[in-house]
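In: what follows is a predicted protein model with its sequence.
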Amino acid sequence: RTASTGRIAEGFSGLPERVSHRHVLTAFKRAAPYIGVPSRLVHAVDTLMSWSREVDWSEGQRPIVFPSNETLSQKLGIGIRQLQKLLNSATRWGLVAHRDSANGKRIGARGKDGRLIYAYGIDLSPLGVRYDEFVRIADEGTEADLRINVLRKRLTAARRRISSLVQLIIDEEIEGVDATGIIESTKLATHQMRKVRDERLLQACVLKLEGHAAALDERIRTVSARDNEERQPIKDSPSGVLNDTHYTTTKQPPIAKANYCRGLARSSSERGYDVRNNEPQSEVEADLAHHGVDPSFIAAVAPEFISCPPEQMTWGIIIGDAERLIAQAAIPANVWREACRLMGQKGAAASVIATAHKHVRGDVDRPGA
């Protein structure tokens, strides 16, 4: 690599117009992480640049620096042997070349105008020759970082959604789903992707987890739709008989497992709140109504938290789903009761579901905080 680095240095004919050696150093530092240049080598190049002047990078000149090994080792805080290995490494990376004097010493002199009269030492020309390469690599790396960050956010959102859906499956005792296996495989996949920068691998993992989340969501919807059908009223009186008695199936819908829903509803009723009243009963509910936020809208926006299809939604079901969520999100019961007092049950329920939805997307870290 020494010979090739020397050829790179020979191709130096000055920096482009409006590009200084500081621009070269900045471009190199930005590109270094994407090339894989070690940080200690970046620091060494930065230190070598401190002996260089703007005039050394003009056409007809060569940016050669000539500090002694002793001076360099003191600046870098390393021993002479470590310094020699570091300089050899810089040569192998194609960052510097060497122009040796007859006696092997680094030496140079400048004229009154600051230009080098002669110089033997470490040639920084390869950095100048590779300036455009560094800029391109840095720009491509930055764009890749943005894409990778988007994939990582999608990965986090998919993991959180799977966790929420699996918890719902466990709470509702939905059969036919290996909840433990799904959680373990999801944790393993996200752990393995922590430091991966391969976009194809990340993309494949994200699509797989999003597929798992969609499958879980579909399973929950299927079971909910089946339960809704099973709990439809059965007419048991002879045809034509008035005031006949209606019965429902003995199998209760999943939301009926949350017995605490009845207690909260009773408390609100005692205060005069009626969930059956379609008119807003608080300022928050009035605001929801003004913006068209109704049960169908909430079900469409956050379907992963809703136990019924959007067309079958009522405020009663929304409130029941919200009360189930406050237990999962560790929201204190007194906070929920206070929210119901201030916002009305509908307003409080909409707020809880919105917060849970933001948590799944990664916008809220601790919904119960």
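Out: Received the coordinates, thanks. Numbering: from 1, shown residues only.

In: drop to CA atoms for contacts and neighbour counts, all remaining ones
Out: Will do.

In: got the CA coordinates for the helix or strand hosting residue 28 in PDB?
Out: In the assignment (DSSP states H and E), residue 28 maps to helix 21-35. Extracted as PDB, the C-alpha positions of helix 21-35 are listed here (Å, rounded to 0.1, in the frame of the first residue of the first chain):
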ATOM      1  CA  HIS A  21      -7.200  22.100   4.200                       C
ATOM      2  CA  ARG A  22      -9.700  22.600   7.000                       C
ATOM      3  CA  HIS A  23     -12.400  21.400   4.600                       C
ATOM      4  CA  VAL A  24     -10.300  18.400   3.800                       C
ATOM      5  CA  LEU A  25      -9.900  17.500   7.500                       C
ATOM      6  CA  THR A  26     -13.600  18.000   8.100                       C
ATOM      7  CA  ALA A  27     -14.500  15.800   5.100                       C
ATOM      8  CA  PHE A  28     -12.100  13.100   6.300                       C
ATOM      9  CA  LYS A  29     -13.500  13.100   9.900                       C
ATOM     10  CA  ARG A  30     -17.100  12.800   8.600                       C
ATOM     11  CA  ALA A  31     -16.100   9.900   6.300                       C
ATOM     12  CA  ALA A  32     -13.900   8.100   8.700                       C
ATOM     13  CA  PRO A  33     -16.700   6.200  10.600                       C
ATOM     14  CA  TYR A  34     -18.100   4.900   7.300                       C
ATOM     15  CA  ILE A  35     -14.700   3.900   6.000                       C
END
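
In: so which elements touch that helix?
Out: helix 39-49, helix 125-129, helix 131-171 (3 or more CA pairs under 8 Å, 6 or more residues apart in numbering; DSSP states H and E).

In: report the buried residues of it.
Out: 21, 24-25, 27-32 (16 or more other CA atoms under 10 Å).

In: list the contacts for residue 341?
Out: By CA atoms under 8 Å, 6 or more residues apart in numbering, the contact set of residue 341 is empty.

In: elements contacting the longest strand along the chain?
Out: As assigned by DSSP state E, the longest strand anywhere in the chain is strand 116-123. Here strand 116-123 touches strand 64-65, strand 97-99, strand 107-110, going by 3+ CA pairs under 8 Å, 6+ apart.

In: okay, the angle between the helix or strand following the shortest one and helix 39-49?
Out: Going back to what we said before, that points to strand 64-65. Sequence order places helix 69-76 as the next helix or strand after strand 64-65, per DSSP H and E. Between helix 69-76 and helix 39-49, the angle comes out at 120 degrees (axes from the mean of the first three to the mean of the last three CA atoms, to 10 degrees).

In: run through the neighbouring helices and strands of helix 69-76.
Out: Short answer (3+ CA pairs under 8 Å, 6+ apart): helix 69-76 packs on helix 39-49, helix 80-92.

In: reformat these as CSV; add mean neighbour count.
Out: Below are the helices and strands packed on helix 69-76 laid out as CSV (neighbours: other CA atoms under 10 Å):
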stretch, mean neighbour count
helix 39-49, 16
helix 80-92, 16
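
In: among the ones you listed, which is nearest residue 166?
Out: Residue 166 lies closest to helix 39-49 among these, at 43.3 Å (CA to CA).

In: output that closest one in PDB with nothing but the alpha carbons.
Out: C-alpha atoms of helix 39-49 as PDB (Å, rounded to 0.1, in the frame of the first residue of the first chain):
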ATOM      1  CA  SER A  39     -10.500   6.900  16.100                       C
ATOM      2  CA  ARG A  40      -6.900   7.000  17.200                       C
ATOM      3  CA  LEU A  41      -5.900   7.300  13.600                       C
ATOM      4  CA  VAL A  42      -8.300  10.200  13.000                       C
ATOM      5  CA  HIS A  43      -6.800  11.900  16.000                       C
ATOM      6  CA  ALA A  44      -3.300  11.400  14.600                       C
ATOM      7  CA  VAL A  45      -4.300  12.900  11.300                       C
ATOM      8  CA  ASP A  46      -5.900  15.800  13.000                       C
ATOM      9  CA  THR A  47      -2.700  16.400  15.000                       C
ATOM     10  CA  LEU A  48      -0.500  16.200  11.900                       C
ATOM     11  CA  MET A  49      -2.800  18.800  10.200                       C
END
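
In: relative to helix 21-35, how tilted is it?
Out: Going by the same axes, to 10 degrees, helix 39-49 makes 170 degrees with helix 21-35.

In: run through who's touching helix 39-49.
Out: Contacts of helix 39-49 (CA under 8 Å, 6+ apart): 25, 29, 32, 65, 75-76, 86, 89-90, 124.

In: may I see the buried residues of stretch 207-214?
Out: By neighbour count on 16+ other CA under 10 Å, the buried set for stretch 207-214 is 208-210, 212-214.

In: quick revisit: and residue 114, which of the helices and strands packed on helix 69-76 is closest to it?
Out: Comparing the helices and strands packed on helix 69-76 by their distance to residue 114 (CA to CA), the top pick is helix 39-49, with 16.0 Å.

In: can you give the distance of the closest one from its chain's centre?
Out: 32 Å (CA atoms, centre = their mean, to the nearest Å).

In: ditto for stretch 307-324
Out: Offset of stretch 307-324 from its chain centre (CA atoms, centre = their mean): 30 Å.

In: do stretch 82-101 as well
Out: On CA atoms, centre = their mean, the centre of stretch 82-101 falls 39 Å from the chain's centre.
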